[in-house]
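Visitor: predicted coordinates and the sequence they were generated for:
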Amino acid sequence: MKTLVLVEHDGSSIKDATLAAVTAASQLGEVHLLVAGSGVGGVADAGTKIAGVQKVHVADGGHLEHQLAEDVAPVAAKLMESHDAFLAPATTTGKNVAPRVAALLDVMQVSDILSVEGADTFTRPIYAGNAIATVKSKDAKKVITVRGTAFEKAARDGGSGSVEAVDAGGSSGKSSFVSAELSKSERPELTSAKVIVSGGRAFGSNDQFHALLDPLADKLGAAVGASRAAVDAGYAPNDYQVGQTGKIVAPEVYIAIGISGAIQHLAGMKDSKTIIAINKDEEAPIFQVADVGLVGDLFKIVPELTEKL
Amino acid sequence: MKLLVAVKRVIDFNVKPRVKMDGSGVDLANVKMSMNPFDEIAVEEAIRLKEKGAATEIVAVSIGPAKAQETLRTALAMGADRAILVQTEEEVEPLAVAKILKGIAGEENPDLIILGKQAIDDDSNQTGQMLAALLGWPQGTFASKVEVAGGDLNVTREVDGGLETVKLATPAVVTTDLRLNEPRYASLPNIMKAKSKPLATKSPGDYGVDVAPRIETLKVTEPAKRQAGVKVGSVDELVGKLKALGVAK
């Protein structure tokens, strides 16, 4: 089987989520990559070095600079004439593009797979991860998105793939990029961080959220996450959200502070290796999944913890 | 501008789903069902566009069992003008839903179709993108802001790195994220009024769509359970645990 993996990149480097998708693809067969963008020769070269990659298809064109789904999907669909499975990381980029590719191919997509059980059989979470379905795709070609935390990341070196330029198509003329407001942070990225400190609504304000959590995160070299309630309340930006509909994370250590543990939040973090919970309510559901719990007032505990680390 | 809004009847988001003993799926018997939360946001956005004068008519659509009528009545009570139920007792996959919605779009000629970004039962996150592809329309997925600017839409999207704004020519498809708006509750008079709003019933065959599943569910199991661990009594003990884990020096 020949697979085509959509590379997620920012124009210069390949995002980690791609590496998990490469691992999933390698369990299906030969791994090819698709790099779509503008001036992405460097990204393509980096792609050839990923362990297990045999070929990198590069669609390079000015109209692909922002990787709009309307323009990327037809390029991918065309390449699928000579591939059997299309895989994308289950990130906002992958989730935006993959179903569009699936519809162009008249294929029913398998979203957010956790494992490859066979050439056409996969497991995936449903109902916010409260159930795991084993599903078999009957379509001749497969379109799949891959949960980044469920697969090991392929090594960024050791591969010796070739590069092939492909037709980049043209602009659909129906959509265009206007602007982006991307969070800038010196901290590790949420989805690839080894340690995450995450805050809930109990912080009470944007100021207190950052005044208490940022120093703790800096001490631990951790990324900062948030519950939906904290994001809805405006304490943290949307890209901090961990949960069913936010980011799915599985760090070595997840420290949930002032988070009660709603189903939707647990769906995003319960595969973390170690979960530590700090909450003033000892009945909070978060303690049912936590390896280590501390009951108490976060406004006292967090500064003391930061100081003692 | 004419708006089409798609809504799905799903397990209520406050209910903890239980896997059936025989592994055939999730037990939905006697479970509270509601409108998919993301679809409520879609309905609300449509109503706000109408209240602002940017939209003239809102048609709500649902594809599902006879009981999905209740979901459509909720949309009508919130403020949609009329409803279409494409009735089937089968479970319809996103690709088939997109094909049916394409058929409806062909009859209704909406300028904008708003859908929830995902349903909280199968968590697929596909239908809007598939519909846009089938129609050859642009898509604004995971929207946190929708602005009408002449014949175009400026859609701000929640992406992994932050926010991104794209401009879409209409007709277009938008899928909603959590922070687009806070849906209203239908008032009692509006619930009463909704009962007399038109609701047409169709079948997938009316749109020539075969809803036979492409994906077979072999089994459904419970995820591995985490065991509750230990409680520590002080910050010092917690620091000790963090040191043992190697994350603190």
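Guide: That came through fine.

Visitor: the helices in the stretch 1-150 of chain A, which residues?
Guide: Using DSSP state H, counting those that start in this stretch, the helices found in the stretch 1-150 of chain A span residues A:16-26, A:41-49, A:69-79, A:92-105.

Visitor: now the ones you listed in JSON lines, with mean neighbour count?
Guide: (Glycine included, C-beta is placed from N, CA and C.) Below are these laid out as JSON lines (neighbours: other C-beta atoms under 10 Å in any protein chain shown):
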{"stretch": "helix A:16-26", "mean neighbour count": "25"}
{"stretch": "helix A:41-49", "mean neighbour count": "19"}
{"stretch": "helix A:69-79", "mean neighbour count": "23"}
{"stretch": "helix A:92-105", "mean neighbour count": "27"}
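
Visitor: would you map the helices across chain B?
Guide: Taking DSSP state H as the test, the helices found in chain B are B:37-51, B:68-78, B:94-108, B:127-135, B:188-194, B:235-244.

Visitor: looking at those, spot the one closest to A:V295.
Guide: helix B:235-244 (11.2 Å; C-beta to C-beta).

Visitor: show the average pLDDT along the closest one.
Guide: Here helix B:235-244 scores 94 as its mean pLDDT.

Visitor: same question for stretch A:68-84.
Guide: 98.

Visitor: quick one: distance of it to the chain centre.
Guide: For stretch A:68-84, the separation from the chain centroid amounts to 21 Å (computed by C-alpha atoms, centre = their mean, to the nearest Å).

Visitor: next: stretch A:268-285.
Guide: For stretch A:268-285, the distance to the chain centre is 21 Å (C-alpha atoms, centre = their mean).

Visitor: is chain B contacted by that stretch?
Guide: Yes: Stretch A:268-285 reaches chain B (C-beta under 8 Å from any C-beta of the partner chain) through A:K270, A:T274, A:I275, A:I276, A:I278, A:E282.

Visitor: got the contact list for the third one?
Guide: Going by C-beta atoms under 8 Å, 6 or more residues apart in numbering or on different chains, A:I275 touches A:V253, A:Y254, A:A256, A:M269, A:I286, A:V289, A:A290, A:D291, A:V292, B:R226, B:G229.

Visitor: let's see it at 6 Å
Guide: The contact partners of A:I275, taken as C-beta atoms under 6 Å, 6 or more residues apart in numbering or on different chains, are A:Y254, A:V289, A:A290, A:D291.

Visitor: okay, now the sheet partners of the biggest strand by length in chain B, with direction.
Guide: Assignment by DSSP state E gives strand B:139-149 as the longest strand of chain B. The pairing partners recorded for strand B:139-149 under DSSP bridges are strand B:152-159 (antiparallel), strand B:172-176 (parallel).

Visitor: show the average pLDDT along the shortest one.
Guide: Same thing as strand B:172-176. Mean predicted confidence for strand B:172-176 is 98.

Visitor: what's near enough to touch the residue nearest to A:S115 when sequence neighbours are not counted?
Guide: Counting by C-beta to C-beta, 6 or more residues apart in numbering or on different chains, A:S115 lies nearest to A:T123, which is 4.7 Å off, once chain neighbours are set aside. A:T123 sits next to A:L114, A:S115, A:I132, A:T134 when contact means C-beta under 6 Å, 6+ apart.

Visitor: how close does the residue of the stretch 201-309 of chain A found nearest chain B sit to B:A119?
Guide: Closest residue of the stretch 201-309 of chain A to chain B, C-beta to the nearest C-beta: A:D291 (3.6 Å). Using C-beta to C-beta, to the nearest Å, A:D291 is found at 32 Å from B:A119.

Visitor: those two: which is more packed in?
Guide: Using other C-beta atoms under 10 Å in any protein chain shown, the more surrounded residue of A:D291 and B:A119 is B:A119, with 24 against 19.

Visitor: does the more buried one touch B:K8 like I think?
Guide: Yes: at 4.9 Å, B:A119 counts as touching B:K8 under the criterion of C-beta atoms under 6 Å.

Visitor: what do these two both touch?
Guide: B:N36.

Visitor: tell me, what residue is most central in chain A?
Guide: With distances taken as C-alpha atoms, centre = their mean, A:T91 lies nearest the centre of chain A, 4.1 Å away.

Visitor: so who does it touch?
Guide: A:E8, A:A17, B:D160.

Visitor: what's the closest non-adjacent residue to the last one?
Guide: If I follow you right, that is B:D160. In space, B:D160 is closest to A:T92, 4.8 Å off (C-beta to C-beta, 6+ apart).

Visitor: the second one now?
Guide: With C-beta to C-beta, 6+ apart as the criterion, A:A17 has its nearest non-adjacent residue at 3.5 Å, and that residue is A:P89.
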